[in-house]
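K.L.:
Fold the following and give me the result.
(chains A and B)
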Amino acid sequence: MVKEIKVEPITRLEGHGGLRIVIGDDGKVKDAQFNVTSTRFFEKFCEGRYCEHVPRITPRICGICPIPHHLTPTKAVEDAWGVEVPEPAYKLRQLLMNAKQYSSHVLHFYALAAPDFLLGPFADPALRNVVHIINKMPDVGAMALKMMDFGQKLCADIGGKSVHPISGIVGGMKKPMDEDARDRFLKQVDEQIEFTKKTVEIGLKVVEDYWDIIANVGVVPTYYLGMTKNGVHDIYDGDIRIVTPDGEKIDYDIHKYLDVLGEHIPDHSYATHMYYKPAGYPEGIYRANTLAMINAADKMATPLADEALKAFRERIGPISHHTFAYHWARLIETVEAIELVKNLLEDPDIVNPDCKTLDIEPKEGIGIGVTEAPRGLLLYNIWSDADGICKKLNLLVATNHNIAGIEKSLMHTAKQVFEDKALEGLKLPDPWIK
Amino acid sequence: MPIPVAFMQLSSCWGCHQSLLNAHLGLLPILPELDIVYWPAVVDFKHESLEKREDGSIVVGFIEGVARTKQDTANIKLMRKKCAIIVAIGACACYGSVKGLANLFDKEDLINRKFKEVESITDEDPQEPTVNVPGIEDYIINVKEIVDVDVFIPGCPPTTENIIAAISYLLTLVGEGPESLDKNKTVCDNCKLFDKGCFLDQGKLCYGPITAAGCDLMCPHNGEICYGCFKPTNKPSEKAKQLQELLHNIEVLDNESAANLQHFLDLYLGVANITNFYFRGDLLQRLAYEPDSFVVKEIETDKGPKLVLDTSTTGNKILDNIIGYSLYLLKNDPLFKFSSKTVCSTCEREVVDKVPTDLKRDYEGLPTMDKCFLEQGYICLGPVTQAGCGTICPNKANAPCLGCYGPPVGIEDQGSKFISTLGSLCADKDPKEIMRVIKDPAGLFNRFTLADSILGHRYHDKMEDN
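P.N.:
I've put the predicted structure just below:
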């Protein structure tokens, strides 16, 4: 009998989707689908808007990562109009990005992912959530909440609002940080670095506990899409970097993205399937997000994070195809984010009022902006007319880069689980929370 | 006992959930009070478990997002069936938010751009996905047009404080009240003035006869009438009739009695407007927002037939008639106003007359932090936007108000109201100069409310006319 296994909806994520796995009479996996069931058409209804207002509309694409969706279109318009931003604005944006990276990664680790590890994959679904973690491990829960709170408050301070920020503007930022606010955050940042170290310890313990799964389940060779600046991990500015399944790294200027990134429209998902054009579809399916960024980086931008990267590579090798290593990679990026937050808060430019280019003229042009959002590369391609009205917009959105990759690893893992009965021989640790 | 609540996410961005989670440590006292039966963003219950729940068994259902897909529309109806109170949370669920801007386009144009024309698409003949996906609605219809909504919390997103206050308040609604509360008695039962000095005997409206017992009678014993803050009793005192007669003597309200009635209803109905949300169960708010949503009925009284608003708030005839007549009087009082402030009224910037100097696009120059944006020439929707956001954009981020809290009470269309405001402020300006900065009035002035505005279904309506 043909059997269909459905997960509807996928929980603990931002977005809408379901999974479908079809198993044939012969016990073989016939189909594995990741159905993304919602879309909102931002790329169309931004047409006709003033270019400088597009960044005040698009943050609503994602409430967890509105900051990249605010700054990336701003960069794209600056690219189209040929506008430079003053150094203090560049640093304010870097700080804003890293504050978001920090809170989003901590949210992801503790609220979205940890329930699976700390309670175990077979726990009662009614309890397998962050609320239960907070109840059962109040110290860890309170620490996680304080970390997210720090990141979100810093986002709110620089961005105006942490969700759907408003302080970025074509040409720079609307205002610098106030000195007293800067001092307030600086006072807390060392405690946050300690929290991060504790989180890494928890993460590494989870890695040891689940090593059998990490090393054996969902190990799927694909291409990877990341961003680096001269080879160094960077989430605000840089070139596109493709990593091949063999670990070869190829850099592309963002203006060449149409030569590199292709989009296939599947019949069963509103989110499209991205792939590396030179390799074709489906061979060129790539993944983005933390593991891709870690695979792409020659080194991290800060010392503690770079040590963490070295430890990762010693254990896993120069390239990792381990789907369950995404969480480890996320922690390496978390370390870098909080270190950069500290460095930038200590930089006097953060309170420098010279943070906006004053003399700006719209012009006809095509602009491209790229950042690395917490869940993957984010690319805005905007077409401006001579009055600065948005004529056209193309968006390659962070999570979208992963849809095809997720489906590919779903198929791979479904075969492992249903055909090879891989779960039966696996060692699972005792859950931390019983 | 924790109260069953559900969070439904329609097509949206998760920002409202993030704003709630931003309470961080502030969540700790609230979480134990909630029995979260559905919240895909955070807990693992599947859709099927929601479908299986008994109708009406979930006390509060939060709906966030817009009905962009057919699944969204079905989920709105499902939530209405399963939940006693439906809360529309965020600009999407209240007004359609920026996603409503899609209503400016034909559905086919939306689909073509996304699935066929995008520059990075490489398929030869790409088609709209149709397998295991729900289908796209023709245009955005707001949640309140699909089902009855009981509470609106606007904002994109609503502030953390707005959401926490609303949840806390809704929890008190289903809570049991103070321990001393005795719904089988009234304030009159223990009142020292019952036999001598009763306010009603002096012709003053006192609501003790219809109010549950349990307070310390501080008001009547200190010479103040009872305004009913312990809420309706199950067994009104014998003096309720006397109260009703006094009320029926009023045909037209003077200022004092209008204030008295409003104060009574505010406390008696139990909704102190402490936060920024519109709760339809608060009959005073509803009277302000939707005066015509009430049915007017005629009742027989000792003073002949009287018109009242039909509310069935308590199920007790005398009590409901007193409430209904009070509301009827207020409805016909031209001075009745429900306080609804604008962003301007809470803005710290210095204002002279809001008349702009030279109008500017947002990238031009850099505004100062101290003067009104409009006076500096920047478009700011503060005058036509409901307060409650904390005025963060203008006062903290040096950015003009975009209007995400929607229009204040009494203004139906935020965009057209702003156009008329701007018109009067710019009476002496060169129209060409005005047009330079407002080439996109829908996107600037109805950014969050287009699906709720007179432009809302323009394209669709045009198609139907043809």
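K.L.:
Please give me every residue in contact with residue 265.
P.N.:
No chain specified, so I'll use chain A. The contact partners of residue A:265, by CB atoms under 8 Å, 6 or more residues apart in numbering or on different chains, come to A:272-273, B:115-116, B:121, B:123, B:126-127, B:129. C-beta: built from backbone N, CA, C; applies to glycine.
K.L.:
I was thinking of chain B, sorry if that wasn't clear
P.N.:
So residue B:265 contacts B:283-284, B:323, B:326-327, B:330 (CB under 8 Å, 6+ apart).
K.L.:
Kindly provide the distance from it to chain A.
P.N.:
According to CB to the nearest CB, to the nearest Å, residue B:265 and chain A sit 35 Å apart.
K.L.:
and that residue, what element?
P.N.:
Element membership of residue B:265 [criterion: DSSP states H and E] is helix B:255-268.
K.L.:
Okay, buried residues for that helix please.
P.N.:
Buried residues in helix B:255-268, defined by neighbour count with 16 or more other CB atoms under 10 Å in any protein chain shown: B:257-258, B:260-262, B:264-268.
K.L.:
Give the bridge partners for the residue lying closest to residue A:269 once chain neighbours are set aside, please.
P.N.:
Once flanking residues are discounted, residue A:269 sits nearest to residue A:36: 4.5 Å by CB to CB, 6 or more residues apart in numbering or on different chains. Applying DSSP bridges to residue A:36 yields these beta-bridge partners: residue A:17.
K.L.:
List just the nearest of the buried residues of helix B:255-268 to residue B:97.
P.N.:
Comparing these against residue B:97 with CB to CB places residue B:266 closest, at 30.6 Å.
K.L.:
where does the stretch 151-300 of chain B come near chain A, residue by residue?
P.N.:
B:156-157 (CB under 8 Å from any CB of the partner chain).
K.L.:
for whatever residue of the stretch 151-300 of chain B ends up closest to chain A, helix, strand, or coil?
P.N.:
Closest contact between the stretch 151-300 of chain B and chain A, by CB to the nearest CB, is at residue B:157 (4.9 Å). Here residue B:157 is recorded as coil under DSSP: H, G, I helix; E, B strand; the rest coil.
K.L.:
so it touches residue B:16, yeah?
P.N.:
Yes - the pair residue B:157 and residue B:16 passes the contact test of CB atoms under 8 Å, sitting 4.7 Å apart.
K.L.:
check contacts around the closest residue to chain A within the stretch 1-150 of chain B.
P.N.:
Using CB to the nearest CB, residue B:15 is the residue of the stretch 1-150 of chain B that sits closest to chain A, at 2.6 Å. Residues near residue B:15 by CB under 8 Å, 6+ apart: A:59-60, A:62-64, A:66, A:163-164, B:90, B:156-157.
K.L.:
hmm, 6 Å instead?
P.N.:
A:63, A:163, B:157 (CB atoms under 6 Å, 6 or more residues apart in numbering or on different chains).
K.L.:
what's the pLDDT at the closest residue to chain A within the stretch 351-466 of chain B?
P.N.:
Proximity of the stretch 351-466 of chain B to chain A (CB to the nearest CB) peaks at residue B:397, 2.6 Å away. We have a pLDDT of 95 for residue B:397.
K.L.:
looking at it, it is touching residue A:160, isn't it?
P.N.:
Yes - using CB atoms under 6 Å, residue B:397 is in contact with residue A:160, at 2.6 Å.
K.L.:
Which residues are in contact with each of those two?
P.N.:
Shared contacts of residue B:397 and residue A:160, counting by CB under 6 Å, 6+ apart, come down to A:166-167.
K.L.:
Of the contacts of residue B:265, which is the nearest to residue A:415?
P.N.:
Nearest to residue A:415 among the contacts of residue B:265: residue B:283, at 60.7 Å, using CB to CB.
K.L.:
show me where chain A has helices.
P.N.:
A:42-45, A:66-81, A:87-107, A:114-118, A:130-136, A:138-159, A:179-209, A:211-216, A:257-260, A:289-296, A:303-316, A:326-345, A:403-414 (DSSP state H).
K.L.:
Read off the pLDDT value for the closest residue to chain B within the stretch 151-300 of chain A.
P.N.:
Nearest residue of the stretch 151-300 of chain A to chain B, counting by CB to the nearest CB: residue A:160, 2.6 Å away. Model confidence at residue A:160, given as pLDDT, is 96.
K.L.:
My guess is it contacts residue A:169. True?
P.N.:
No - using CB under 6 Å, residue A:160 is not in contact with residue A:169, being 11.0 Å away.
K.L.:
of the two, who's got more company?
P.N.:
Using other CB atoms under 10 Å in any protein chain shown as the criterion, residue A:160 and residue A:169 rank with residue A:169 on top: 27 against 23.
K.L.:
Domains in the chain, by residue range?
P.N.:
By default, I'm working from chain A. Listed by automatic domain parsing, the domain ranges of chain A are A:3-36, A:42-425.
K.L.:
oops, I was thinking of chain B
P.N.:
If you go by automatic domain parsing, chain B breaks into B:3-174, B:182-331, B:341-466.
K.L.:
Please identify the deepest-packed of those.
P.N.:
domain B:3-174 (a mean of 21; mean count of other CB atoms under 10 Å in any protein chain shown).
K.L.:
what about that domain, average pLDDT?
P.N.:
94.
K.L.:
circling back: including mean neighbour count, could the helices of chain A go into a markdown table?
P.N.:
Listed next are the helices of chain A as a markdown table, based on neighbours: other CB atoms under 10 Å in any protein chain shown:
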| stretch | mean neighbour count |
| --- | --- |
| helix A:42-45 | 22 |
| helix A:66-81 | 27 |
| helix A:87-107 | 26 |
| helix A:114-118 | 23 |
| helix A:130-136 | 19 |
| helix A:138-159 | 22 |
| helix A:179-209 | 16 |
| helix A:211-216 | 17 |
| helix A:257-260 | 16 |
| helix A:289-296 | 27 |
| helix A:303-316 | 17 |
| helix A:326-345 | 24 |
| helix A:403-414 | 22 |
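K.L.:
Indicate which one of those is closest to residue A:24.
P.N.:
Of the helices of chain A, the one closest to residue A:24 (CB to CB) turns out to be helix A:403-414, at 12.0 Å.
K.L.:
Centre of the chain to that closest one, how far?
P.N.:
18 Å (CA atoms, centre = their mean, to the nearest Å).
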